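Novice: Sharing a model prediction with you, sequence too.
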Amino acid sequence: MERNEERPAEGGPLGPAAGIPWRPAARSARLAKLPLGYAGRSAARIGRRLLGQSAEAVAEEFQRRTAEQLFSVLGELKGGAMKIGQLLSVFEAAMPPTVVGPYREALARLQESAPALGFDAVQHTLTEELGASWPESFRAFEEVPQAAASIGQVHRARWQDGREVAVKIQYPNAREALLGDYARVSRLMRALTLLYPGLEIGPMVAELKDRVAEELDYLLEAGAQRAFAEAYRDDPDIHVPAVVAQTSRVLVTEWLPGRPLADVIAGGTRQERDAAGLRFTRFLLSGPGRAGLLHADPHPGNFRLLPDRRLGVLDFGAVKRLPDGLPHTLGRLQRLAHAGDFEAAERLMREAGLLRPGSRAGAEAVSAFLAPLAVPTAQEEFHFTRSWLREELARATSPGTQGLIRQLNLPPSYVLINRAVTAGSAVLCQLDCTVPFRAEALRWLPGFASEGVTA
């Protein structure tokens, strides 16, 4: 087997030299750096102002340094800390324009890359999972990873039958790091709310923790990817690479070429943005009906724009199993909002368990909550923009709307759906794309097009 002998600068053997602190105390100390670092830089900022630097120059450097530390700490820790950072990177579209630049660049890097483990650690895992003869399965194997994410990294290789493949390898101790980070995340939340004022991050973290066991099992991920690949076989718009081999900590799939969606967001043409937005929308909405599954981790790092303009999809660790498709309640609420029938919408929300028992939310409050959500389907085409998302976030965190939000009850079956819808909308706003969203909703959202469908 041919091997690329180049070693990544960040890598090293398993253990302290790998640069990733696995011990709970060490990880807690690194997470604690975020709020402490923020306070320290605030003091430095005041000092520089006294030395005569302009407020604008000081603010720009302050934001850049804060962004760099955020990327550094979350990326190097991997595990749950980086997973949270990847989730938040989707919501940079809602950040104020005056501060978004440095954070956008740093958070976007969490979607595509992070400091990598050295090849000695990679070989250790491959030997444990595939046996000592694992090199015989490959004609070639690149030692330098193509991507390094929260719980594993991806190496490019050539399978024994000649196919180009991606080899996803879970980090040693990833389970312990991922589970432990969620127990230590309270300090991190204080720092992150400085970047996202008003955003309710806590429930997202709780939901991620509940689903972590599934994401750590590559056998479950392989099953989900096979289901998606079969559902979209020969599809003109969507491509899902085939699974080649799998164990609980190693997943081998066909290689997916193409341009990362983050690159399209950063510098794509209007045509590329609109085309990517349409295919992204179509994939998210059609998955439950076609595959019985919802891709619940739609951040840009999991998508590629292929040379033939199809949208390639990666990473099926976080999925929601929906054998009967999306709940009809979602489409019916959209339709009732368009009709202005908020009394019926309130009844439907109570029947579906979306309002807490005994809540006093009336039709007026339901109207304030639902009407803006129906905006993208109110016209033939909708332009998703960062400014629209910021307005929606401001509305959702306003005192009037929060009164209703506190009365909402999100059943367990809706948690991942809510995550996918929220994150998916944010990605469309990052793309700044115009999409025929109404037609896609009519096609794929049960209960939106017709009357008489039960909740």
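Specialist: Thanks, I have the structure now.

Novice: And this protein, what are its domain boundaries?
Specialist: Annotated domains of the chain cover 2-116+174-212, 328-444 [automatic domain parsing].

Novice: So which elements touch the helix or strand hosting Val415?
Specialist: Using DSSP states H and E, Val415 falls within helix 412-431. With contacts taken as 3 or more CB pairs under 8 Å, 6 or more residues apart in numbering; DSSP states H and E, helix 412-431 sits against helix 202-210, helix 261-267, helix 270-291, strand 293-295, strand 319-321, helix 386-396. Yep, even glycine has a C-beta here, placed from its N, CA and C like the rest.

Novice: Adding mean neighbour count, distance to Val421 and mean pLDDT, write the ones you listed out as CSV.
Specialist: Supplementary listing: those in CSV, determined by neighbours: other CB atoms under 10 Å; distance: least, CB to CB, whole Å; pLDDT from 0 to 100:
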stretch, mean neighbour count, distance to Val421, mean pLDDT
helix 202-210, 16, 13, 59
helix 261-267, 19, 18, 93
helix 270-291, 21, 8, 97
strand 293-295, 23, 9, 96
strand 319-321, 21, 11, 92
helix 386-396, 16, 12, 78
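
Novice: Any idea which of these gets closest to Arg347?
Specialist: Distances from Arg347 to each of these were compared by CB to CB, and the smallest falls on helix 386-396, at 22.8 Å.

Novice: now the angle between helix 412-431 and the closest one, please.
Specialist: In this structure, helix 386-396 runs at an angle of 140 degrees to helix 412-431, with axes from the mean of the first three to the mean of the last three CA atoms, to 10 degrees as the basis.

Novice: For Leu305, what are phi and psi?
Specialist: With angles defined as degrees, to the nearest 10, Leu305 shows backbone torsions of phi -90, psi 110.

Novice: worst average pLDDT in the domains of the chain?
Specialist: The weakest mean pLDDT among those belongs to domain 2-116+174-212, with a mean of 50.

Novice: Pull up the distance across stretch 289-307, start to finish.
Specialist: The distance separating the two terminal residues of stretch 289-307, taken as CA to CA, to the nearest Å, comes to 27 Å.

Novice: State the distance from the spatially closest residue to Ala449 that is not a sequence neighbour to His239.
Specialist: Setting aside the residues directly before and after it, Ala449 is nearest to Leu442 in space (CB to CB, 6 or more residues apart in numbering), at 4.9 Å. For Leu442, the distance to His239 equals 24 Å [CB to CB, to the nearest Å].

Novice: Neighbour count for these two, which is higher?
Specialist: Per other CB atoms under 10 Å, whichever of Leu442 and His239 has more neighbours is His239, with 22 against 15.

Novice: I figured the more buried one hits Tyr232, correct?
Specialist: Yes - counting by CB atoms under 8 Å, Tyr232 is a contact partner of His239 at 6.8 Å.

Novice: Local confidence estimate at the residue nearest to Val313 when sequence neighbours are not counted?
Specialist: Leaving out its chain neighbours, the residue that sits closest to Val313 by CB to CB, 6+ apart is Val240, at 5.2 Å. The predicted local confidence for Val240 comes out at a pLDDT of 98.

Novice: and the gap between Val240 and Ala231?
Specialist: Val240 sits 8 Å away from Ala231 when distances are taken as CB to CB.

Novice: which of these two has more neighbours?
Specialist: Relative neighbour count places Val240 above the other of Val240 and Ala231, with 28 against 17, counting by other CB under 10 Å.

Novice: Return the residues in contact with Gly292.
Specialist: Taking CB atoms under 8 Å, 6 or more residues apart in numbering as the contact definition, Gly292 lies against Ala227, Arg321, Leu322, Pro323, Asp324, Gly325.

Novice: repeat that for 10 Å
Specialist: The neighbours of Gly292, taking CB atoms under 10 Å, 6 or more residues apart in numbering as the test, are Ala224, Ala227, Phe228, Ala231, Val319, Lys320, Arg321, Leu322, Pro323, Asp324, Gly325.

Novice: Correct me if wrong: the first one contacts Leu314.
Specialist: Spelled out, that is Ala224. No - counting by CB atoms under 10 Å, Leu314 is not a contact partner of Ala224; they are 12.0 Å apart.

Novice: Look up the closest residue to Arg226, ignoring the ones flanking it.
Specialist: Distances taken as CB to CB, 6+ apart put Val243 closest to Arg226, at 5.3 Å, once the chain neighbours are dropped.

Novice: On the pLDDT front, check that neighbour for me.
Specialist: So Val243 comes in at 98 (pLDDT).
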